[in-house]
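*Asks:* Compute the structure for the input listed below.
(one chain, ligands or ions: 1)
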Amino acid sequence: MPEGKVPILSSKSGYINTQQILSPHGGCLTVLENNLVLPFHLERVYCISGLNEHTPERGRHAHHTLWQIMTSVSGSCDVVLDDGCTVQTIRILPDGWSILLGPLLWHSMKNFSRECVLMVGASDIYREEDYIRDYSAFLAAAGKNRK
Ligand code: TYD
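*Replies:* Below you'll find the predicted structure:
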C-alpha cells in the first residue's frame, strides 16, 4: 500500500506500481508492460487526451470481463470506483501509482486538471458488448456475482 494514499477497498481494484522513469535527457517515461505485476495480459493500450477543467465526467460504465490499468501521464483527475457496495473517490496523478480496474467495477473520471492525459492498458481488444452502461444493470450483475 503506497504511503499517503487512500486505501482502495474494492477487491477487483488496487494500486499498481508503474514507477515513472526520469530520463537523463529530460522528460519522463511512463511504462505499461506485461512484466509488471498485473493480474491480466495486456492486449490494448489507449490514451485519453485533451482533458481539462471543463471536461465533463467521463466513463460511467463497467465491464463484464475486461481488466484495465489506468495511469496519469500528465495532470490529475478523480477516479470514482463503485463495486456495487462501496463508492470511493481516488485522485490519480503522475506519481508512479496506477489504478487497477477489474470487471464489474463501475467507474467514472471527473475533476480533470489542465492538460490531463490518461493512459489505459486493457486485457482485451475493444468490444462494445463487454460494456455495461446502465447503472441498474450493473447493480444487478454485481449483486449476482457476489451470490
Ligand atoms: P469513450 O470515450 O470510451 O466514450 P464512451 O464511454 O461513450 O464509449 O469512447 C469513444 C468512442 O471510441 C466510442 O465510440 C468507442 C470508441 N472506442 C474504440 O473504438 N476503441 C477503444 O479502445 C475505446 C476505449 C473506445
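
*Asks:* quick one: the strands in the chain?
*Replies:* Ranges of strands in the chain, per DSSP state E, are 13-17, 21-22, 28-29, 44-51, 58-63, 68-74, 77-82, 87-92, 97-101, 106-110, 116-122, 131-132.

*Asks:* Where does this protein get nearest to the ligand, residue-wise?
*Replies:* Closest approach between the chain and the ligand, counting by Cβ to the nearest ligand atom: residue 126, at 3.6 Å. Backbone N, C-alpha and C define where each C-beta goes, glycine included.

*Asks:* which non-adjacent residue is nearest that residue?
*Replies:* With Cβ to Cβ, 6 or more residues apart in numbering as the criterion, residue 126 has its nearest non-adjacent residue at 6.7 Å, and that residue is residue 44.

*Asks:* Number of residues surrounding the residue of the chain closest to the ligand?
*Replies:* 11 (other Cβ atoms under 10 Å).

*Asks:* I figured it was touching residue 43, is that so?
*Replies:* No. Counting by Cβ atoms under 8 Å, residue 126 does not reach residue 43; the two are 9.6 Å apart.

*Asks:* For the residue nearest the centre of the chain, list the residues it contacts.
*Replies:* Residue closest to the average C-alpha location in the chain (Cα atoms, centre = their mean): residue 70, at 3.4 Å. Residues near residue 70 by Cβ atoms under 8 Å, 6 or more residues apart in numbering: 79, 92, 98, 99, 101, 118, 119, 120.
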